[in-house]
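Novice: Structure for this input, please:
(one chain, ligands or ions: 1)
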Amino acid sequence: MSLRSRLVLIRNFGTTGAIAPASPALIGRMLHGINFQNARVIVEFGAGDGCITRELLRRMRPDARLVSFEINAQFCAMLREIRDKRFTLVEGSAERVEQVLAGAKADYVVSALPLARFPSKLVDGILSAAQRALKLGGDYIQYQYVPLTYPRIRKRFQQVRTEFVPLCLPPSFIFFCHKAEVEA
Ligand SMILES: C[S@@+](CC[C@H](N)C(=O)[O-])C[C@H]1O[C@@H](n2cnc3c(N)ncnc32)[C@H](O)[C@@H]1O
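Specialist: Below you'll find the model as predicted:
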């Protein structure tokens, strides 16, 4: 974990909601259920310094695509250092996901957004956009320090499994949210 990443996180706490990048233990738990052999399109919300981005790219198929959203200019500068033809950085809000995918659907959306710090309208806008951007049978994976947004997540996804990861700083919750295989 670089000092630079930590400083950007702390100085922008209002929008990052974090004091440290996600730990390898937390990233491992978030990604362990992803079927990287089959996944062709993965979307990431709140890429930050790229700690999850790099691990996704390390595990992804050579012909898969990663589209990562980030609003912080300093983090975007760090993310532009990632040289990988599978990677697209979107320097803008996660709410734009459907516009950016332009009709393509995601197998997975992996989110580190600090939803608990967002106004309810923004949380609902982002969750709805993510739900629509997913393929049928796709998954939205979100980590949070506090499970405050669980009811809003549960409204968008019928199947939600929660995992608590105590051995990371701060201890975190991960929501694994499954989009049904058939239209409701
Ligand atoms: C908790 S940090 C996560 C950083 C890194 N992915 C990690 O897990 O350590 C959340 C990130 O979300 C970004 N962010 C906040 N609001 C956003 C939005 N509406 N769209 C995209 N990114 C956003 C912040 O700038 C910040 O970098």
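
Novice: what are the ranges of the helices in this structure?
Specialist: 3-11, 13-16, 24-31, 51-59, 73-79, 97-101, 120-133, 150-156 (DSSP state H).

Novice: residue ranges with poor pLDDT in the protein?
Specialist: 1, 184 (pLDDT under 70).

Novice: Need the single longest strand in it, by residues.
Specialist: Longest strand in the chain by number of residues, with DSSP state E as the criterion: strand 134-144.

Novice: want to try CSV for the helices of the chain, with mean neighbour count and distance to the ligand as columns?
Specialist: Backbone N, C-alpha and C define where each C-beta goes, glycine included. Formatted as CSV, the helices of the chain follow (neighbours: other Cβ atoms under 10 Å; distance: least, Cβ to the nearest ligand atom, whole Å):
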stretch, mean neighbour count, distance to the ligand
helix 3-11, 14, 6
helix 13-16, 14, 4
helix 24-31, 18, 7
helix 51-59, 19, 5
helix 73-79, 17, 5
helix 97-101, 16, 9
helix 120-133, 18, 7
helix 150-156, 15, 15
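
Novice: Can you say which of those is nearest to R65?
Specialist: Taking Cβ to Cβ, helix 97-101 is the member of the helices of the chain nearest to R65, at 9.7 Å.

Novice: End to end on stretch 71-90, go ahead and measure it.
Specialist: 8 Å (Cα to Cα, to the nearest Å).

Novice: So for the longest strand of the chain, what gets flagged as buried?
Specialist: Across strand 134-144, burial judged by 16 or more other Cβ atoms under 10 Å covers 134-135, 138-144.

Novice: farthest-separated two in the residues you listed?
Specialist: Spanning the widest gap among those are K135 and Q144, at 23.7 Å by Cβ to Cβ.

Novice: who's in contact with L115?
Specialist: Remark: with contacts taken as Cβ atoms under 8 Å, 6 or more residues apart in numbering, L115 is in contact with 123, 126, 142, 144, 148-149, 152.

Novice: For D124, see how far away it is.
Specialist: Remark: distance between L115 and D124 (Cβ to Cβ, to the nearest Å) = 10 Å.

Novice: Tell me the one of the buried residues of strand 134-144 nearest the ligand?
Specialist: Distances from the ligand to the buried residues of strand 134-144, taken as Cβ to the nearest ligand atom, are shortest for Y143 (7.1 Å).

Novice: before we move on, the earlier item: now the common contact residues for L115 and D124.
Specialist: R152.

Novice: In CSV, list the buried residues of strand 134-144 along with distance to the ligand.
Specialist: Shown next, in CSV, are the buried residues of strand 134-144 (distance: Cβ to the nearest ligand atom, whole Å):
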residue, distance to the ligand
L134, 17
K135, 21
G138, 19
D139, 17
Y140, 14
I141, 12
Q142, 11
Y143, 7
Q144, 9
